[in-house]
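*Asks:* curious how this folds, go ahead:
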Amino acid sequence: MRRILFTVPFLALGCNSAPSSSEAPPADGRTTVAAVTPQPSDAARSAAAASSGERAELTLVENPGEVCMVNDQFMGRPQIPVEVDGKTYFGCCPMCKDRLANDPSFRVATDPVSGNSVDKATAVLAKRPDGEIVYFESRATFDRYRRR
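*Replies:* The predicted structure follows:
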């Protein structure tokens, strides 16, 4: 069987969003990708979670400093703090730190209950079992989400 290697350019949202492979990368430094799967939007993920019963599985995140706010993932260890306009955001790597500092779109999310824009630095954070973070504008919207 003949293997064909090809290089696929992609725009990584953060250091953990690059495609992964169980094989070692080729010696010439190219990235080998078997398939690229599009990621669902926040709204699509919320709808899928609602239909699969994941609401009850959300747990509050006590320490936002353990969340990469670019990848929206609970990391379980201290992240890099990024001060912007008197608020603190957290990223997992220098690339995420730069994005939080320079691109306001990475500092906001949408509350899945109210549909309002939420500042990640002041949001109520909850995590799914897989570590994905959901941002709420208040404890009240978090509680409403879990009761639906």
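*Asks:* buried sites along stretch 119-127?
*Replies:* Residues of stretch 119-127 classed as buried: 120-121, 123-127 (neighbour count, 16 or more other C-beta atoms under 10 Å). Every C-beta, even on glycine, is put in place using the N, C-alpha and C of the backbone.
*Asks:* can you check stretch 136-144 too?
*Replies:* Using 16+ other C-beta under 10 Å as the test for burial, stretch 136-144 gives 136-138, 141-142.
*Asks:* just these: which are in helices?
*Replies:* Among the buried residues of stretch 136-144, the ones falling in helices (DSSP state H) are 141-142.
*Asks:* among the buried residues of stretch 136-144, find me the one that's closest to residue 72.
*Replies:* Using C-beta to C-beta, residue 136 is the member of the buried residues of stretch 136-144 that lies nearest residue 72, at 13.0 Å.
*Asks:* quick one: that closest one from residue 123, how far?
*Replies:* Residue 136 is 6 Å from residue 123, where distance means C-beta to C-beta, to the nearest Å.
*Asks:* next one: residue 115
*Replies:* With the distance defined as C-beta to C-beta, residue 115 ends up 14 Å from residue 123.
*Asks:* residue 66 reaches residue 79, doesn't it?
*Replies:* Yes. Here residue 66 reaches residue 79: they are 6.4 Å apart, a contact under C-beta atoms under 8 Å.
*Asks:* any residues in contact with both of the two?
*Replies:* In the contact map built from C-beta atoms under 8 Å, 6 or more residues apart in numbering, the residues linked to both residue 66 and residue 79 are residue 90.
*Asks:* these two: which is more packed in?
*Replies:* When residue 66 is set against residue 79 and neighbours are counted by other C-beta atoms under 10 Å, the residue ahead is residue 79, at 23 against 18.
*Asks:* quick one: that one from residue 115, how far?
*Replies:* Distance of residue 79 to residue 115, computed by C-beta to C-beta: 27 Å.
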